[in-house]
Structure formats: C-alpha cells, structure tokens
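Enquirer: mind folding the following:
(4 chains)
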Number of protein chains: 2
Amino acid sequence: MKVLIADDDADLRELIAFTLGQAGYLVLKAADGPAAVQLFEHESPDLVLLDINMPGLNGFQVCEAIRRRSQVPVMMLTVRGEEEDLVRALGLGADDYLNKPFSPRTLLARLKALLRRAGVENNAPLAAGRIRLDLEEFTVTIGEGAPVRLTKLELRLLQMLLANAGHSVNSERLLVQVWGHRSGGDRQLLKQLVHRLRQKIETDPAAPALLRTAAAGYKLVVD
Amino acid sequence: MKVLIADDDADLRELIAFTLGQAGYLVLKAADGPAAVQLFEHESPDLVLLDINMPGLNGFQVCEAIRRRSQVPVMMLTVRGEEEDLVRALGLGADDYLNKPFSPRTLLARLKALLRRAGVENNAPLAAGRIRLDLEEFTVTIGEGAPVRLTKLELRLLQMLLANAGHSVNSERLLVQVWGHRSGGDRQLLKQLVHRLRQKIETDPAAPALLRTAAAGYKLVVD
DNA sequence: GGGGCCGGTCACAAACCGGTTACAGGCTCC
DNA sequence: GGAGCCTGTAACCGGTTTGTGACCGGCCCC
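Expert: Below you'll find the predicted structure:
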C-alpha cells in the first residue's frame, strides 16, 4: 500500500513518513507541489496526504491535478481555523482533512478509515462469493468460469460494488467514485456502464443475477 | 440521518434547521441545554450541533453530558476569537467547531465531512414499535409482515413520522422536509402521498391504525 | 340552510427512471 | 492511415412515480 505525503515542512514530513513506515505502508515523499504531481503520476499511490501551503503548486492545485486523472483518496492537512480552505478543499474533491497539529495515532486512524471507505484496503484480488477481481490483469472471474477482461471503468465500478458486496450502493456515490463527478447528475453514464458490465458478467444479461438494480442504486449479490 | 441543533438564538436555530432540512436531514431543535440533553436521550441523533452560550446548561456541560454516554459526533458553534472556549470544547471531546457567523454552505460541508469521518452509515434501519424502516432497500416492515416496497417520497415521509413516532407532525413541516417547499401551501401533495402510503402499510386503509390524522398534521401511532 | 374549509378519494397527465439500441469521437496499436 | 476498442451522447420504450384537478362528505360558523 503506497502513500504519497506532500509537505514542505521537512520535520513534519519525516515524522509522518516514520509513522506510516512503522505501520507497514510504503511512503513516497514530496517537498513541493510539482514534485508531488510528478511522483503521483509515476508511482500511482493508493492514498495522498497533501499539505495546503506548499511552494510551487499549493495543495489545492495539486488536488485538482490529481482529481483530473484519478479517484485516489486525498486527505488534506489544514491549519485549524482556516474555514475557507477547508470548504475549498472538500469542494475540490478531497475526501477528508486533518487539522494540524495531530497525533500519529489520529493520522493512522483517519487514514485507515479513508482507505476502508475507498474500498482499496487490499490490492490483492478482491473477492466475494463467486466473484474474484484481479486488478493487475483487469479481469473478473465468476465461479469456475474463465476470466473476463474488463475496461478501466468497468473494473472501477465492479470494485466499488465488491467493496460493498451485498449492500446497495447509491448511484450518486458510484458516479463520484468511478468518474469523479462532483455533483453526480449524469445517470446516463452509469446506466450505460452497468449495461456493458452486465453483458460481460451475467449469464443472462436481461435478468441480472449478480449486478442487481436496487433502490437508489445498484448492488452486487453474493450468496 | 438525525441532527440535533441546540442554540438559544431562535433565528439562527431556524436558519440552520431550514438549511439542514433542505439537505435532507431530520432536524431536532433545542433552545437550551436541558432541552438538548433530553432530546438527545430521547432521539439519539447521529450528530449534534451545540452553541456554547445557552441558558440552563451551557454547551460545554451539554457536551460533557453527551460524551458520558455516547461517541456521537459533536460540532460546537463558537464566536470567532474565543480561543479558550475552543480549546476547552475540543478537550471535552467535541469533534469539530464552527466559527459564527458561518454560511449555510460552510455548515453543510463541515457537517458532511464530520459524518463521513465518523463513519456514520445512514442505512441503519430506523424503527419504532412494530415499524421498521430499511433505508437501503426502500422498504418498511410492519410487525411480522413481509417488507413493503416504498417510493422515494413515501420513504421520506415515513422517515419523518418515524423520527417523531407517537407525536403529531405539522403538515407544514412535512411539506418542507419531504419536498423542500419552503412556503408549504401545497396540501394536496401531502394528502395524496399520505393516501398512497396508507394503501401500502395499513391493513384497512379506510380506517388508519398507524398513520393517523392529527391536529394540523399526521402522526405515527406506535404501541 | 348555505357556504367555506378540510381531509379523503379518484382519474388522468406529466415527469422520471432504468434498460436498450445506435452512433460518433478519441485513443492505441499496427 | 486504418482497424478495433473504449467511452460518451442521444433517442426510444415501457413501467413507475409524482403532480394536478375534480368531486365527495363531514364539520363549523354565520
């Protein structure tokens, strides 16, 4: 599990890096905005910690840049009391924030919660019931069948549903997690993606047994 | 999702209540400390907004009382610049704070972030007496009967009534909470919705036993 | 008794929703 | 530059949900 930490305060950066390292995470460090963006593109970390005040590009700009190409969980580090910053960060698609100063224990707890929510806590092939997802190969295997190749979006959708297997997931949330649409609204995309995914994974796409329509969203049925 | 708002300033209280109501939250209002504590024990809200300056018990005392029995997220409303208050509140276990004056937008953003952080899932089946509501499945179950499917509006109405089970809820308030109409006035909608809901949940829709007409509104009868 | 108000009921129209088909632009890989 | 895939967009269909207008009967008050 890779975590990118971007902060220009060397002491804090090292403290965080140490904490996360101890906890078993692989840590990538950046001292300014451009470095953060570059590292992000190179290494595609599983989670990003962003300080707001950084030279080069500030945290907002980095967050925007990241959101343009990825739904990776982003946690902002803010100075307590900067109301506007907070609202702006959350508006830009940050998933959580942490007020400085914070304890390492708090950081870890929040980080884990965030990873759990994003459904990426294990990048080993996700599985539930008869469904197994291989993120490396971009394939899904149903029961004893042959692996089926998925596209990027199909994989992401299935991953989200799998992370909440058995429970219905709100369309709104799916839109946000798969496309990063802030306000949702565009149901057509989801409709279409679900349709395409069903064609691939359902024995009878007209009567879905796995990817079922639920009130206000979809859910993955596992036995 | 129930939010308890405690503030002795009636204008501010109503503004907040309106904002949250529009955003789909169920709002409980308290004008002083003791009322807040009592409401908290009665209704077990999912989040609490506390003003610091209140008659009876002040925000600190209420916060302490709440913390003695629950980990529910608490957000304090503070006057900008009162550092001491802030530190004290956070020391007492408050989770976040908001400086007055604040915009509704800010309030909502912070509140959502707090709920998200607290990991509150809003799919816990609401229940009272023989009535159980499943927000994920959009169903209601009466006693031992089979779950009945509800539409979005029916669910919202029932949720409002359930949150005030046993007490009559003003038509005006229902209109605002279910449709977001600010001026109410449109009783026909409510009439119709109640009718449709009764058809689904009453054994004899002509003689309602659960969803009763009450003075100036409706109420849910629980045994 | 008559009019106004209110809640309940009915019937119909409008809006919405999910599934489906079709097509076009963009991208990658030969 | 062309083939093939991936993604986004539009249009259509049938079913459900929601909004609207009309009517009825009870109640209260003048």
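
Enquirer: where does the closest residue to chain B within chain A fall, phi/psi-wise?
Expert: Residue nearest to chain B within chain A: A:Ala215 (3.4 Å; CB to the nearest CB). Where C-beta positions appear, they are placed from N, C-alpha and C, glycine not excepted. Phi and psi for A:Ala215, reported as degrees, to the nearest 10, are phi -60, psi 130.

Enquirer: I figured it hits B:Phe138, correct?
Expert: Yes: the pair A:Ala215 / B:Phe138 is scored as a contact, 3.4 Å apart, by CB atoms under 8 Å.

Enquirer: what is in contact with the two at once?
Expert: Common neighbours of A:Ala215 and B:Phe138 (criterion: CB atoms under 8 Å, 6 or more residues apart in numbering or on different chains): B:Arg149.

Enquirer: quick one, helices of chain A?
Expert: Taking DSSP state H as the test, the helices found in chain A are A:10-22, A:33-43, A:59-67, A:83-91, A:104-118, A:152-163, A:171-179, A:187-201.

Enquirer: lowest average pLDDT across those?
Expert: Mean pLDDT is lowest for helix A:83-91 out of the helices of chain A, coming in at a mean of 71.

Enquirer: is that helix in proximity to chain B?
Expert: Yes: using CB under 8 Å from any CB of the partner chain, helix A:83-91 reaches chain B at A:Glu83, A:Leu86, A:Val87, A:Leu90, A:Gly91.

Enquirer: elements contacting that helix?
Expert: Secondary-structure packing of helix A:83-91 (3 or more CB pairs under 8 Å, 6 or more residues apart in numbering or on different chains; DSSP states H and E): helix A:59-67, strand A:74-79, strand A:96-100, helix B:104-118.

Enquirer: touching that helix from outside, list them.
Expert: Identification of contacts with helix A:83-91 by CB under 8 Å, 6+ apart yields A:52, A:59-60, A:63, A:76, A:78-79, A:97, A:182, B:98-99, B:102, B:105-106, B:109-110, B:112-113.

Enquirer: of the residues of helix A:83-91 next to chain B - the most surrounded one?
Expert: Neighbour counts for the residues of helix A:83-91 next to chain B (other CB atoms under 10 Å in any protein chain shown) peak at A:Leu86, which has 23 neighbours.

Enquirer: and that one, how close does it get to A:Arg173?
Expert: 21 Å (CB to CB, to the nearest Å).

Enquirer: next: A:Ala207.
Expert: Using CB to CB, A:Ala207 is found at 25 Å from A:Arg173.

Enquirer: cool, and A:Asp7?
Expert: From A:Asp7 over to A:Arg173 the distance is 29 Å, taken as CB to CB.

Enquirer: now swap in A:Val87 and tell me
Expert: 21 Å.

Enquirer: do A:Gln199 as well
Expert: 23 Å.

Enquirer: between the two, point out the one with more neighbours.
Expert: The neighbour count for A:Gln199 versus A:Arg173, taken as other CB under 10 Å, is higher for A:Arg173 (14 against 10).

Enquirer: which ones are touching A:Leu12?
Expert: A:Asp51, A:Lys100.

Enquirer: from the centroid of chain A, which residue is nearest?
Expert: A:Val72 (3.7 Å; CA atoms, centre = their mean).

Enquirer: contact partners for it?
Expert: With CB under 8 Å, 6+ apart, A:Val72 has these contacts: A:Ser44, A:Pro45, A:Asp46, A:Leu47, A:Val48, A:Ile66, A:Ala118.

Enquirer: and the gap between it and DNA strand C?
Expert: 20 Å (CB to the nearest atom of the strand, to the nearest Å).

Enquirer: for that residue, give me the pLDDT.
Expert: So A:Val72 comes in at 83 (pLDDT).
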